[in-house]
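Enquirer: Give me a model of this one.
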Amino acid sequence: MNITIFIILLYIFVLFGVAWYSTKISEGEGVIEDYFLASRGFPAYIVAVMLTGIAVGGASTIGVAESAYTQGISAGMYNAAWGAGAIVVGFTIAAKLRQLTVTTIPEIFGNYYDDAGRIIAVIGQVIIQIVITSLQYVAGGAILSALLPNIFTVTTGSIFTAVVLGFVALVGGYWGAGLTNLINVIVIYIGVIIGGIMSIRQVGGIETIVTELPADIPWFDPVAGVGMAMVIAWFVVMITQAHSVQAVGQIAFAAEDEKTAKKGFLLAGLIILPVGFICALFGIVAAVQFPGLEDPAMALPQVVMGLSPVVAGLTLAGLWASSISTTVGLLLGTSTLVVSDIWKNYIQEDISPDKEQIISRFVVVLITALTLLLALTIEGILDALLLGLTLTTAYTVVLLFTLFIPKLCRKSSAFWTIFTGIVFLLIWFIVPAIRIVSHPIFLAWPLALVTFLIISFVDKRPANIPDKLT
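Expert: Sure, this is the predicted structure:
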């Protein structure tokens, strides 16, 4: 058997084994607590690798290399922005989120604002996470099509990726996601570091790369390639979304306690920071080895497949692990929203534990299928991801006011702030004339702040925020 294929199959076997093992460590506290929150038992290192797994996905590896193929090392600032987001959350609200002992971000809005705020929050969160999840299938498909071009296309590779990660999520639940991400993060770093070193050596070293690259692109400038405006946009988007995306917040909810949540987020930020620059080097090497690629998303896989079988297998396993690690957490986060905020609140409030278990797993399968269908239509990994994450601005504004300035919060604040954010993003797509800035995030923040403050004066009904939060 081809050694590269053997390494991938061994990796899949280990993931399935860990997912099965995780079913044996449940503490029996109920479906939501066990399956979706790991009985709130994550230690700091699992919090860290779980968040790293969410952050270091297809966009952070394949997408960064795709961007670096034409823009250089500055594409790695995408991961630096993600790391900064984790660190900022660690210092600001990670402990506060754990203290709330809730299950979802929309649950916070439902508890302190109104049902309309909770419903629209669920809708927006589901949209955000479905977009992010779909992108991971695309990245996974690109990797497998490069690894086994006679077996997989990008489309069939995306389907296979969805099946594997769907199985891990279905069987293992949140403990399974945490334990498999511990393996995934190790595999990711071993793979990209070894692959990065060997790919540079293969083309003759850094000096050769510098000599053969086109001179009209600032390949090794940390900012100039993508531009200062885009770098700032990345940092604003990633710090914003890290405060309010369900898949991120759910990690804090699952921590053992407040201190553990904070430590885990800070550690994750440090782990996340460097990987983007390593993956950007693959894109630069590809610009030397494979100029004129029709699909820049294949830059990283193409470079890796030119390495020795063992190195190629390790690197591609690490890259595929990045897609798996992100998507399992996202699938479970989206399913938690559907089961906790929709099914148990508006469809079947008195559902039995057995039925809840069935519904929870059915929702995981359904979300896997829906996100796969969307994945088959997406192009431009980083662009699509950043636009989807812009919607988190409204959530972050509401959450920050809730936790730090509750006296300005009103019953309808959550609904109108999120609704305005959704409408704005739709208009951004439909009406090009409003694109007066380089990225919608630069308009999303002032719009969300102004909307929230207007509602604080118009609506005289205070939100139901207990004093203990402040």
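Enquirer: so what pLDDT did the spatially closest residue to residue 288 that is not a sequence neighbour get?
Expert: If the residues on either side of it in the chain are set aside, residue 288 comes closest to residue 212, at 4.9 Å by Cβ to Cβ, 6 or more residues apart in numbering. For the C-beta atoms, the positions are set from N, CA and C on the backbone; glycine is no exception. Note for residue 212: predicted pLDDT of 91.
Enquirer: residues near residue 212, how many?
Expert: Residue 212 sits with 13 neighbouring residues when counted by other Cβ atoms under 10 Å.
Enquirer: likewise residue 13?
Expert: For residue 13, the number of neighbouring residues by other Cβ under 10 Å comes to 10.
Enquirer: cool, the one 10 residues further on as well?
Expert: The criterion is other Cβ under 10 Å. On that basis, residue 23 has 14 neighbouring residues.
Enquirer: Can you report phi and psi for it?
Expert: phi -70, psi -10 (degrees, to the nearest 10).
Enquirer: can you pull the contacts of it?
Expert: Contact analysis of residue 23 by Cβ atoms under 8 Å, 6 or more residues apart in numbering lists 171, 172, 173, 175, 176.
Enquirer: what's the second one in contact with, if anything?
Expert: Spelled out, that is residue 172. Contacts of residue 172 were listed using Cβ under 8 Å, 6+ apart, and they are 18, 19, 20, 22, 23, 179, 180, 328.
Enquirer: Among the contacts of residue 23, name the buried ones.
Expert: In the contacts of residue 23, burial by neighbour count holds for 171, 172, 173, 175, 176, counting by 16 or more other Cβ atoms under 10 Å.
Enquirer: Chain neighbours aside, what residue packs nearest to the first one?
Expert: Just to be clear, that refers to residue 171. The shortest distance from residue 171 to any non-neighbouring residue, by Cβ to Cβ, 6+ apart, is to residue 19 (4.5 Å).
Enquirer: Can you list the neighbours in contact with the particular helix or strand that has the one you found in it?
Expert: Secondary structure here is read from DSSP states H and E; on that basis residue 19 sits in helix 3-22. Helix 3-22 has contacts (Cβ under 8 Å, 6+ apart) with 147-148, 164, 167-168, 171-173, 175-176, 178-180, 183, 187, 309-310, 312-314, 316-317, 320-321, 324.
Enquirer: ok, now with 7 Å
Expert: By Cβ atoms under 7 Å, 6 or more residues apart in numbering, the residues outside helix 3-22 that reach it are 147-148, 164, 167-168, 171-173, 175-176, 179-180, 183, 187, 309-310, 312-314, 316-317, 320-321, 324.
Enquirer: Same question for stretch 224-236.
Expert: Applying Cβ under 7 Å, 6+ apart, the set of residues contacting stretch 224-236 from outside is 67, 71-75, 77-78, 81, 84, 217-218, 223, 438-439, 441-442.
Enquirer: circling back to that earlier point, any idea how far the residue nearest to residue 171 is from residue 390?
Expert: As judged by Cβ to Cβ, to the nearest Å, residue 19 and residue 390 stand 33 Å apart.
Enquirer: do the same with residue 434
Expert: With Cβ to Cβ as the criterion, residue 434 and residue 390 are 13 Å apart.
Enquirer: between those two, who's got more neighbours?
Expert: residue 390 (26 against 12).
Enquirer: I figured that one hits residue 443, correct?
Expert: No: using Cβ atoms under 7 Å as the test, residue 390 is too far from residue 443 to be in contact (9.1 Å).
Enquirer: hang on, the earlier thing: among the contacts of helix 3-22, name the ones in helices.
Expert: Judged by DSSP state H, the subset of the contacts of helix 3-22 located in helices is 147, 164, 167-168, 171-173, 175-176, 179-180, 183, 187, 309-310, 312-314, 316-317, 320-321, 324.
Enquirer: Tell me the buried residues within those.
Expert: Those of these that meet the buried threshold are 147, 164, 167-168, 171-173, 175-176, 179-180, 183, 187, 312-314, 316-317, 320-321, 324, by 16+ other Cβ under 10 Å.
Enquirer: Ramachandran angles for the residue lying closest to residue 40 once chain neighbours are set aside?
Expert: On the basis of Cβ to Cβ, 6+ apart, the spatially nearest residue to residue 40 that is not a chain neighbour turns out to be residue 254, at 5.7 Å. Dihedral pair for residue 254: phi -90, psi 0, per degrees, to the nearest 10.
Enquirer: mind checking pLDDT for residue 254?
Expert: Per-residue confidence at residue 254 stands at 94 (pLDDT).
Enquirer: so who does it touch?
Expert: 37, 38, 40, 42, 174.
Enquirer: what's the most distant pair in the residues you listed?
Expert: Among the contacts of residue 254, the pair separated by the greatest distance (Cβ to Cβ) is 40 and 174, at 9.7 Å.
Enquirer: Counting neighbours, go ahead and name the busier of the two.
Expert: Neighbours per residue (other Cβ under 10 Å) separate residue 40 from residue 174, with residue 174 holding more: 31 against 18.
Enquirer: My read is that that one contacts residue 37, right?
Expert: Yes: using Cβ under 7 Å as the test, residue 174 is close enough to residue 37 to be in contact (5.8 Å).
Enquirer: Which residue lies nearest the spatial centre of this protein?
Expert: A centroid search over the chain (Cα atoms, centre = their mean) returns residue 54, at 4.2 Å, as the residue closest to the centre.
Enquirer: Leaving out the residues flanking it, which one is nearest to it?
Expert: Nearest non-adjacent residue to residue 54, counting by Cβ to Cβ, 6+ apart: residue 329, 4.9 Å away.
Enquirer: next structured bit after the helix or strand containing the one you found?
Expert: Assignment of secondary structure by DSSP H and E places residue 329 within helix 309-336. Reading on from helix 309-336 to the C-terminus, the next helix or strand found by DSSP H and E is helix 353-375.
Enquirer: counting contacts, what elements does that following helix pack onto?
Expert: Judged by 3 or more Cβ pairs under 7 Å, 6 or more residues apart in numbering; DSSP states H and E, helix 353-375 is in contact with helix 31, helix 115-147, helix 154-202, helix 309-336.
Enquirer: Quick check: which of these is buried the most?
Expert: helix 309-336 (a mean of 28; mean count of other Cβ atoms under 10 Å).
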